[in-house]
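>>> Quick check, what structure comes out for this input:
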Amino acid sequence: MIIGTAGHIDHGKTALVRALTGIDTDRLPQEKQRGITIELGFAYQTLKNGERIGFVDVPGHEKLIHTMLTGAGSIDYVMLVVAADDGIMPQTREHFEILKLLGLKHGVVVITRIDLVDKERVEALQAELHEFLKGSFLENAPIFPVSSLTGEGIEALREEIENAASHLKKRVSYGRFRHAIDRCFVLSGAGTVVTGTVLSGEASTNDLMVIAPDHLQARLRSIHVQDEVSNKARTGDRAALNIVGDAINKDNVKRGMMVIDPFLDKPSQRFDVRLTILASEPKPLKQWFPVHLHHGSLETNARLVFLSQDTMKAGETAYVQIISDKAIIAASGDRFVIRDTSASRTIGGGIILDPLAPERHRRAPERFKFLAAMEKEDHLQALSAILALPPYGIDWLYFCRARNLSEVEAAKLLSSGNFVVLEHGQDRFVMEQQQEQRLQKAIVDYLVEFHKKEPDLFGVGLEKLRRDVAREIRAPYFRDLLQNEIDKGRLKIRGAWVGLAGHEAKLSPEDEAIWQRVYKVLKGEERFRPPRTRDFAQELGIEENHMRQILKSCARMGRVYEVAQDYFFPREVLAEIIMIMRDIAEKKEKHEFVAADLRDRLNNGRKVSIFLLEFFDRHGVTIRKGDIRRLNPHRLDLFADS
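The predicted structure is shown next:
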C-alpha cells in the first residue's frame, strides 16, 4: 500500500511521516535549509504482519502543485494534513480537489501541531473539517489530532494505518506494464536508474521495454520495489528500475516519460476525455482553451476542444478532446488534472476514455455513443456496447491498446462472448456472431438477385459487393468474411469477382470453342503482350464485334479482365505480373519503380506496360506518385487463385 500526504505548505506533512516511520523524506540541501519539501519524498516501513508500505510526501507550496500531482497519482490511501494553528488553507482546498479528481477512495484526516493550540481550537477545527469534507470520500473518515513534536496521537494514527493496510483490497496487476518516471539518475556501478509508480501490469528482471514517447529500447537489469530488491514490479508498486540500452542515459530519459510494454508504443497527442470543471472556476472556458495537463508524472501544455458544446462553465461535466504538445501513453480509465497556464489554480480533471482519438468526425453523434461505451469499466460491457454501434465491429489491436489489455486478458475477453475475428496479416477485426450472420445472409441475398438479373455473368465485383452490402467493413477484412462463406461452399470467387457456388455462367457451344482458342494464346508465350480484339477476329475469321462480345462476356464471367480497350488478360497472368512487380520492387532501395522497369522485365513495350500499371492503379494494387509507383501490400492477392 502507498500512503500519501496532502495539505498546505508548512502544515507538518514531512514531520508527520518522520514521526510515523523515523525517516526524513527531505533529501535536498535546500529542503533542509528552508524547511519545506520541494521534491517528492519517500519512506518505507514494515508492518507487524510483514507487509511493507510506502509513504509519499508531497510538497504543499502552490508553485509546486505539479510535483504534488506526480506523487498523488500513485497513492492508495491519503493523509489529509491540516495544521491546528492555521486551519484549512488554500492548498488544503486545492490538494483535496485534486485528490477527488484523481479518484481517491480511502484516507484519514490528521490535525497536526496540536501542541501549539488549546483543546477548544482542536474541537472547533474538527467541526470545520466535518463540514468541509461533507459529501466527499473522506466524509466518514476518522480525524486524528496529533503532535509530531511530542508524539501525542501518533500511535493511534499508526494503528489506524496498519488497520487500513490489512483491510484495503490489494491492487490487482492488470493490463500491460506502464511505469511513470518521476526521477532519473545515474548510480555508480549500476548505470541509469528511474524511479516511479507502476500504473499497470507487471514486469520482471531482463524484460525488454520501451521508454516512451521517444521509442528508446531498454532492458530491465534489476528492480527495487518499496526500497527492497525484487525480481518483479507490479501495479501500484513504487519501483526503481535499473535500465540499460544503446540510447539509455540520464540526458535522454526524463521525468514524465514512461517505461512501457513494447505493444503499447503508440504515443498520441490527441485523446477524448470526460472532463469536470471545478465549481471554483471563475469564468467559462472557450474552445481551444490553453491548459497545463498532468497525467502520470507528465506535465505538458495542451488545448481543449469541447465536443458537445462551445463553452464549459464551473461545475459542468462534458466530453472534451485534449490536444497536448507532447505525446503520451495513456489508457482508457486513466485520471488526469488540468491547471491554468500560469500554474496558479487547478481548473478541473477527469477520466481518459479514448487515448487514441481521431481528429475527424470527433463531434458526430455516433462518436458520443462510442465514448459512452468506453466509459464502462467492465471490458466485456464496453466491447458489447461498441459492437452494437455502426460499423458493428472494431479494430482489435486498437481496442486492446486503448483499454490496455494484456494478451491473457484479451484472449479471455474474446472467449467470454459470441465474437467473430476477421484477420488480415497481423490485424484483427472483431464483431459479434449475429452481425457476421446478418452480413453473410445479406451477401447471399444480394447475389441471388444479381444472378437473376445477370444470369450470364460469373458474379459481381468484390469491391462493389462490399460497398453495396458491407460498406462498414474494410476491404481486407471483407475478403476474410467472404472466405468463411467460400469454405462453407456457399460462394465462389475468381480474382476480383464473387458469385454463388451453384451459379454457372455459360457461353454458347460455338462461342465457348472460340474462347478456348483465344484463351490458349492469352496464357501462352505472348501473355504479357496479347493480341488485340481485332487481331483475334482476323486470325479466327470472325466479325470483330462478335469477337469483342465474346471477350466482354468472358470478362463479366471473371475469366479475363479488360485492362484497356480491347486488351484482355486472364486472372492468372495478372497475378503473375503482380509477382514480377513485387520482385522488381524488392530489388529497389525504396521499393519503388517506374514503368520502364516493368516494360523491360515483360518485354511488352511501353504502351502495354502503361495500360497494365494504370489498371493496377485503379484496383489499388499499385500506388502512384508522379512517375513512381510502389505496391500496396494489402492488395497483392487481389487476382490470386482462391
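>>> Can you check which helix is longest in the protein?
helix 433-453 (DSSP state H).
>>> Buried ones in that one, by neighbour count?
Buried residues in helix 433-453, defined by neighbour count with 16 or more other CB atoms under 10 Å: 435, 436, 439, 440, 443, 446, 447, 450, 451. Every C-beta, even on glycine, is put in place using the N, C-alpha and C of the backbone.
>>> distance between that helix and the chain's centre?
Centroid separation for helix 433-453 versus its chain: 34 Å, with CA atoms, centre = their mean, to the nearest Å.
>>> what's downstream of it, the next helix or strand?
Per DSSP states H and E, helix 433-453 leads on to strand 460-461 as the next helix or strand towards the C-terminus.
>>> Run through who's touching stretch 11-22.
Applying CB atoms under 8 Å, 6 or more residues apart in numbering, the contact partners of stretch 11-22 are 5-7, 23-26, 37, 41, 43-45, 55, 57-58, 60, 79, 81-83, 86, 89, 92, 110, 112-113, 146, 148-149, 151, 154, 157-158, 161.
>>> redo that, cut-off 6 Å
With CB atoms under 6 Å, 6 or more residues apart in numbering as the test, stretch 11-22 has contacts from 5, 7, 24-26, 37, 43, 45, 55, 57, 81, 83, 112-113, 148, 154, 158.
>>> what's the answer for stretch 570-579, then?
Against stretch 570-579 from outside (CB under 6 Å, 6+ apart): 495, 522, 523, 527, 560, 636, 639, 640.
>>> Show only the entries of these found in helices.
Counting by DSSP H, the contacts of stretch 570-579 place residue 522 in helices.
>>> ok so, going back, then the longest helix of the chain to CSV, C-alphas only?
Coordinates of each C-alpha in helix 433-453 appear next as CSV, following Å, rounded to 0.1, in the frame of the first residue of the first chain:
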residue,chain,number,x,y,z
GLN,A,433,-21.5,-13.6,-34.4
GLN,A,434,-25.0,-12.4,-35.1
GLN,A,435,-23.6,-9.4,-37.1
GLU,A,436,-21.5,-11.8,-39.1
GLN,A,437,-24.6,-13.9,-39.8
ARG,A,438,-26.5,-10.8,-40.8
LEU,A,439,-23.8,-9.8,-43.3
GLN,A,440,-23.5,-13.3,-44.7
LYS,A,441,-27.2,-13.5,-45.3
ALA,A,442,-27.2,-10.0,-46.9
ILE,A,443,-24.4,-11.1,-49.3
VAL,A,444,-26.2,-14.3,-50.4
ASP,A,445,-29.5,-12.4,-50.9
TYR,A,446,-27.7,-9.8,-52.9
LEU,A,447,-26.0,-12.4,-55.2
VAL,A,448,-29.3,-14.2,-55.7
GLU,A,449,-30.9,-11.1,-57.0
PHE,A,450,-27.8,-10.2,-59.1
HIS,A,451,-27.8,-13.6,-60.8
LYS,A,452,-31.5,-13.3,-61.6
LYS,A,453,-30.7,-10.0,-63.5
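>>> Below-threshold pLDDT in the stretch 51-200 of the chain: ranges please.
59-74 (pLDDT under 70).
>>> any idea where the helices of it begin and end?
Using DSSP state H, counting those that start in this stretch, the helices of the stretch 51-200 of the chain run over residues 65-72, 90-101, 119-132, 154-167.
>>> out of the ones you listed, deepest packed?
helix 65-72 (a mean of 24; mean count of other CB atoms under 10 Å).
>>> related to what we said a few turns ago, quick one: the helices of the stretch 51-200 of the chain as TSV, columns for distance to residue 542 too.
Formatted as TSV, the helices of the stretch 51-200 of the chain follow (distance: least, CB to CB, whole Å):
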stretch	distance to residue 542
helix 65-72	84
helix 90-101	82
helix 119-132	98
helix 154-167	93
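>>> of those, which approaches residue 138 most closely?
Nearest to residue 138 among the helices of the stretch 51-200 of the chain is helix 90-101; the distance by CB to CB comes to 7.9 Å.
>>> hmm, who's touching the closest one?
With CB under 6 Å, 6+ apart, helix 90-101 has contacts from 6, 7, 8, 60, 62, 78, 82, 278, 337, 346, 349.
>>> Over to stretch 240-251?
Residues from elsewhere that reach stretch 240-251 (CB under 6 Å, 6+ apart): 184, 186, 190-195, 216-224.
>>> Now do the contacts for residue 144.
Counted by CB under 6 Å, 6+ apart, residue 144 has contacts 110, 153, 157.
>>> Specify which member of the residues you listed is nearest to residue 317.
residue 110 (30.9 Å).
>>> From residue 141, how far off is that closest one?
Counting by CB to CB, to the nearest Å, the separation of residue 110 from residue 141 is 10 Å.
>>> Counting neighbours, go ahead and name the busier of the two.
residue 110 (28 against 18; other CB atoms under 10 Å).
>>> That one contacts residue 79, correct?
Yes: counting by CB atoms under 6 Å, residue 110 does reach residue 79; the two are 5.2 Å apart.
>>> got a pLDDT number for the residue located most distally from the centre of the chain?
Centroid-distance maximum for the chain: residue 541 at 64.8 Å, with CA atoms, centre = their mean. Listed pLDDT for residue 541 reads 95.
>>> what's the spacing between it and residue 340?
88 Å.
>>> same deal with residue 129?
According to CB to CB, residue 129 and residue 340 sit 27 Å apart.
>>> ok, now residue 517?
Distance, residue 517 to residue 340, by CB to CB: 82 Å.
>>> And these two? Which one has more around it.
Taking neighbours as other CB under 10 Å, residue 517 and residue 340 compare with residue 340 leading, 14 against 11.
>>> quick one: that one and residue 281, what's the gap?
Distance of residue 340 to residue 281, given as CB to CB: 9 Å.
>>> give me every residue that touches the closest residue in space to residue 309 that isn't next to it in sequence.
Spatial nearest neighbour of residue 309, excluding adjacent residues (CB to CB, 6 or more residues apart in numbering): residue 318 at 6.0 Å. Counting by CB under 6 Å, 6+ apart, residue 318 touches 308, 309, 312.
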